[in-house]
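Colleague: sequence and predicted structure below; questions after.
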Amino acid sequence: MPQATFLNLQALHLHPDPARVVVRRFGPSPDPRDMNPTDKLRANHIVARVMGLDQEAAAGQLAEVLENFNGRHRNLLERFEARADEMEEVFTTHCKFSRTQRQLVGSYFLHEYSFEAAALFNPSIVSHPDQSGAPPGGRRFILSLRAVGEGHISSLTFRSGTIAADGSLSVDPTSRLATIATFRNRMVRLDGDDVEVAFASDGDISERVIFPITASQSNGIEDARFVEFDEGGRSVFRATYTAYNGRGIRSELIETNDFLSFRMSPLRGSAAVNKGMALFPRKIAGRYAMIARQDNENLYLVYSDDLMNWDGGVAILKPQYPWEFIQIGTCGSPIELDEGWLLFTHGVGPVRRYAIGAVLLDKQDPSKVLARSREPLVRPEPSEREGYVPNVVYTCGAMRHRDQIVLPYAVSDTYCNFATIRIEALLQALSPVSADETHDLRQGAFPEKEHEHDPR
């Protein structure tokens, strides 16, 4: 079946680029308190070999390293020194270092990583905090994207772009360079609850990569759902995401004002045990609100007084149509319209095919479902089925601009497409839901914890 006729596909795609690399830690943990004896011993062997070079040989080796890698990264010598600084405990058994020796040692404990070699997908979109240079009647935006490289490790990266008054989209050129965020507090415990990272202000937003930092994130920062949150007239950009350590998951929250510095914190409570939490863009009746999936199938509405703890909740949506019989989930934060809250959802159907639909929730009481799509708005087309994970279309968040919705979405967990949708046409395509149907759902859905790591 073709896509919805009112979907305006853009001639715009974002593909992964294996040539984009970052330098990341190689070898011992950055926190000397977490180094095991074997790591320390091996690191000392490497340091001793470097220290065995005379000054001329060390300078020549460092010059060769810079000639090889300097054009691929910003401030490479500073990165070498920062890595050396992290390893002070290893250095205590050696004599005094020259600056050249420190920089050369640091280079041995870093490696290049192609962070989006495998995939660039699951985008979300928000209005850019800086609207200078926006086209007349248009708007600048920021995309967040999930990038996947070697070992299926997911990180968070960004792009910027514009939507013109006529609805056409463009994405700004991507920088060749890329840099991992650095700790604002260098000695932070990596098993701690809250982490703050930051980027230098002189780089393009497309250079910024938030790579897994804590133990809970060690195998991936997955599917960030950014939303511009109205905090009493001040905009704060927040996103829920999934931290994955290779065995289990936990829901976490990232917050920024400027997309230069970020704070990441775990979410707690019985409603935060699963993937796919999506925050409303403002408080409702004085409380924070979230759409969450606490079980294998259904969507719940959950409230919180403090943003970090989420308990309880009421079931508001369950699989109803064949394209979503396996499960449903969120596709980003609800979008506020005059008619209600527009929530994009994903459904999983036969042969584990993912498709995107939508529902309309009541403006005052979002537990009331007013309308929903009987058929998907977006589904995998024959020409788009192949990729890292076949038969999947997925998004982590859309944005309203005037009378239309900007919908970036991923294809087969590999690359991104873009579409715009007229709000009026979309609402007309949704089927009304009776009050009795909503009541029946509240009585019939029971949460069960999801134990396995679901891709979404």
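Modeller: That came in fine, so what should we check first?

Colleague: low pLDDT regions in the stretch 101-250 of the chain?
Modeller: 185-192 (pLDDT under 70).

Colleague: and if we set it to 90?
Modeller: Along the stretch 101-250 of the chain, the model assigns pLDDT under 90 to residues 182-194, 202-203, 213-215, 231-233.

Colleague: now the strands for it?
Modeller: Counting by DSSP state E, counting those that start in this stretch, the stretch 101-250 of the chain has strands at residues 110-113, 119-127, 139-148, 154-163, 169-171, 179-180, 182-183, 195-198, 208-210, 220-231, 234-244, 249-256.

Colleague: ranking the ones you listed by burial, who's on top?
Modeller: Mean neighbour count (mean count of other C-beta atoms under 10 Å) peaks for strand 119-127 among the strands of the stretch 101-250 of the chain, with a mean of 26. Heads up, the C-betas are built off the backbone N, CA and C, glycines and all.

Colleague: still on that earlier bit, export the strands of the stretch 101-250 of the chain to a markdown table and tack on distance to Ser434?
Modeller: Shown next, in a markdown table, are the strands of the stretch 101-250 of the chain (distance: least, C-beta to C-beta, whole Å):
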| stretch | distance to Ser434 |
| --- | --- |
| strand 110-113 | 52 |
| strand 119-127 | 32 |
| strand 139-148 | 37 |
| strand 154-163 | 36 |
| strand 169-171 | 37 |
| strand 179-180 | 51 |
| strand 182-183 | 53 |
| strand 195-198 | 46 |
| strand 208-210 | 44 |
| strand 220-231 | 29 |
| strand 234-244 | 31 |
| strand 249-256 | 32 |
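
Colleague: of those strands, which is nearest Lys368?
Modeller: strand 220-231 (21.1 Å; C-beta to C-beta).

Colleague: on the three-state scheme, the closest residue to Ala355 other than its chain neighbours is what?
Modeller: Spatial nearest neighbour of Ala355, excluding adjacent residues (C-beta to C-beta, 6 or more residues apart in numbering): Pro376 at 3.5 Å. Per DSSP: H, G, I helix; E, B strand; the rest coil, the local secondary structure of Pro376 is coil.

Colleague: tell me the contacts of Pro376?
Modeller: Residues in contact with Pro376 (C-beta atoms under 8 Å, 6 or more residues apart in numbering) are 4, 323, 347, 355-357.

Colleague: my understanding was that Val227 contacts Thr330; is that so?
Modeller: No: taking contacts as C-beta atoms under 8 Å, Val227 lies outside contact range of Thr330: 11.2 Å.

Colleague: what is in contact with those two at once?
Modeller: Contacts common to Val227 and Thr330, judged by C-beta under 8 Å, 6+ apart, are Ala278.

Colleague: quick check: beta-bridge partners of Phe418?
Modeller: Pro408 (DSSP bridges).

Colleague: that one: how many residues sit nearby?
Modeller: 24 (other C-beta atoms under 10 Å).

Colleague: OK, contacts around it?
Modeller: When contacts are counted by C-beta under 8 Å, 6+ apart, Phe418 touches 9-10, 12-13, 169, 406-409.

Colleague: now, which of those residues sits nearest Ser114?
Modeller: Nearest member of these to Ser114, counting by C-beta to C-beta, is His13, at 19.4 Å.

Colleague: once you drop chain neighbours, what's closest to Thr256?
Modeller: Per C-beta to C-beta, 6+ apart, closest to Thr256 is Phe262, 4.7 Å.

Colleague: the one you found contacts Asp194, doesn't it?
Modeller: No: using C-beta under 8 Å as the test, Phe262 is too far from Asp194 to be in contact (11.1 Å).

Colleague: ok, Glu81 touching Gly106?
Modeller: Yes: counting by C-beta under 8 Å, Glu81 touches Gly106, with 5.9 Å between them.

Colleague: between these two, which is the more surrounded one?
Modeller: Gly106 (23 against 17).

Colleague: that one contacts Glu88, doesn't it?
Modeller: No: applying C-beta under 8 Å, one finds Gly106 not in contact with Glu88, separated by 11.5 Å.

Colleague: Val21 is in contact with Phe69, isn't it?
Modeller: No: contact criterion C-beta under 8 Å: Val21 and Phe69 do not qualify, at 9.4 Å.

Colleague: identify the contacts common to these two.
Modeller: By C-beta under 8 Å, 6+ apart, the residues touching both Val21 and Phe69 are Glu112.

Colleague: quick one, helices of this structure?
Modeller: 37-51, 55-69, 76-86, 88-91, 99-108, 423-429, 435-444 (DSSP state H).

Colleague: which segments of the protein make up each domain?
Modeller: According to automatic domain parsing, the chain comprises the domains 7-19+114-444, 22-112.

Colleague: starting at the chain centroid, how far to the longest one?
Modeller: It refers to domain 7-19+114-444. Domain 7-19+114-444 sits 8 Å away from the centroid of its parent chain (C-alpha atoms, centre = their mean, to the nearest Å).

Colleague: so what's the nearest residue to Leu267 once chain neighbours are set aside up against?
Modeller: The shortest distance from Leu267 to any non-neighbouring residue, by C-beta to C-beta, 6+ apart, is to Ser251 (4.5 Å). Shown in contact with Ser251 (C-beta under 8 Å, 6+ apart): 240-243, 266-267, 272-275, 277.

Colleague: just for the stretch 251-400 of the chain, where's the confidence low?
Modeller: Those would be 273-276, 294-296, 381-386, if you go by pLDDT under 90 across the stretch 251-400 of the chain.

Colleague: centroid-nearest residue for this structure?
Modeller: Centroid-nearest residue in the chain: Ala224, 3.0 Å away (criterion: C-alpha atoms, centre = their mean).

Colleague: surely that residue touches Phe158?
Modeller: No: checked against C-beta under 8 Å, the pair Ala224 and Phe158 is beyond contact range at 9.9 Å.

Colleague: please enumerate the shared neighbours of the two.
Modeller: Common neighbours of Ala224 and Phe158 (C-beta under 8 Å, 6+ apart) are Ser144.

Colleague: what segments of the stretch 301-450 of the chain are strands?
Modeller: Taking DSSP E, counting those that start in this stretch as the test, the strands found in the stretch 301-450 of the chain are 314-317, 327-330, 335-336, 341-348, 354-361, 369-372, 393-394, 399-401, 404-411, 415-422, 431-432.

Colleague: kindly reformat those as JSON lines containing distance to Pro135.
Modeller: As requested, those are exported to JSON lines (distance: least, C-beta to C-beta, whole Å):
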{"stretch": "strand 314-317", "distance to Pro135": "37"}
{"stretch": "strand 327-330", "distance to Pro135": "31"}
{"stretch": "strand 335-336", "distance to Pro135": "22"}
{"stretch": "strand 341-348", "distance to Pro135": "25"}
{"stretch": "strand 354-361", "distance to Pro135": "28"}
{"stretch": "strand 369-372", "distance to Pro135": "33"}
{"stretch": "strand 393-394", "distance to Pro135": "28"}
{"stretch": "strand 399-401", "distance to Pro135": "12"}
{"stretch": "strand 404-411", "distance to Pro135": "14"}
{"stretch": "strand 415-422", "distance to Pro135": "15"}
{"stretch": "strand 431-432", "distance to Pro135": "36"}
